[in-house]
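K.L.:
Pasting a predicted model and its sequence here:
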Amino acid sequence: METPEIHVEELKKDEEFLANIKRLEEECKEEQSIAKGYQLLDAQLIIEAPEEEINEIFTFIVNAAFDNLAEKLASCKVFNMEDTEDIAAARAIYEHGIQRYSENDLKGAKEIFLILSHSVGKNSLKDAMLLHAAAVIAKINFDDFIEKYVDVSKVEESDPLAFFIQTFTKSIPDMFTHFEKEVARAREEIRVFADSQV
């Protein structure tokens, strides 16, 4: 099935589309909804909104996500990966970690992947985040990580968690064996962090 072509100029003049964006913006602010923030971001990107508007939405998403994370950690809760709002918050933190990784901020990226491994409520995603942290600990640069270890052909686009890299060139247990020392170190850092929360 082909994706319908989007006519940007037509959408910029479409009153209904623009009214929907305005409504989404108001709901996003009222509800402090990260999920709606992402919907708003997508709509603004489609109509090629000014960069400062895009940056403002993105800043809201990231700040709200880290506030959400702080609340989860303070109350010893995890992100429920069935809940739209929790998925959006975890996604924003993950995307921030990926950005850090791609900019070669290994310390920042490692900390974000470790905190996600600790705070997402789904084991397969916990393991994937642990592998991200292990790759960073092994000082594998971002491009090499994607090229050598990630298998994008296995990604299910309909999966609500498709934004998270979870498909690798080998099975998770094999990847853990490959990065044995780094995985052990990552687990120890998570354990120390978890103990400090009690």
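P.N.:
Arrived safely, thanks for sending.
K.L.:
drop to CA atoms for contacts and neighbour counts, all remaining ones
P.N.:
Will do.
K.L.:
per-domain residue ranges of this protein.
P.N.:
1-77, 106-198 (automatic domain parsing).
K.L.:
show me the contacts for the residue nearest to the spatial centre of the chain.
P.N.:
With distances taken as Cα atoms, centre = their mean, the residue of the chain nearest its centroid is residue 91 (2.5 Å). Shown in contact with residue 91 (Cα atoms under 8 Å, 6 or more residues apart in numbering): 163, 164.
K.L.:
For residue 38, see how far away it is.
P.N.:
Separation of residue 91 from residue 38 (Cα to Cα, to the nearest Å) stands at 10 Å.
K.L.:
Helix or strand for the closest residue to residue 24 other than its chain neighbours, just tell me which one.
P.N.:
Spatial nearest neighbour of residue 24, chain neighbours left out: residue 40 (6.3 Å); criterion: Cα to Cα, 6 or more residues apart in numbering. Of the helices and strands defined by DSSP states H and E, residue 40 is found in helix 34-46.
K.L.:
Outside of that helix itself, list whatever touches it.
P.N.:
So helix 34-46 is contacted by 8, 21, 24-25, 27-28, 54, 57-58, 60-61, 64-65, 84-85, 88-89 (Cα under 8 Å, 6+ apart).
K.L.:
Sort out which of those are buried, if you could.
P.N.:
Neighbour counting by 16 or more other Cα atoms under 10 Å classes 21, 24-25, 28, 54, 57-58, 60-61, 64-65, 85, 88-89 among the contacts of helix 34-46 as buried.
K.L.:
can you map out the helices along this protein?
P.N.:
Here the chain has its helices, by DSSP state H, at 8-13, 15-31, 34-46, 51-74, 84-102, 106-119, 123-137, 142-149, 172-178, 180-197.
K.L.:
which stretch in those has the least confidence?
P.N.:
Here the helices of the chain differ in mean pLDDT, and the lowest is helix 8-13 at a mean of 73.
K.L.:
what about that one, distance to the chain center?
P.N.:
Counting by Cα atoms, centre = their mean, to the nearest Å, helix 8-13 is centred 30 Å from the centre of its parent chain.
K.L.:
same deal with stretch 101-120?
P.N.:
In terms of Cα atoms, centre = their mean, the centre of stretch 101-120 is found 11 Å from the chain centre.
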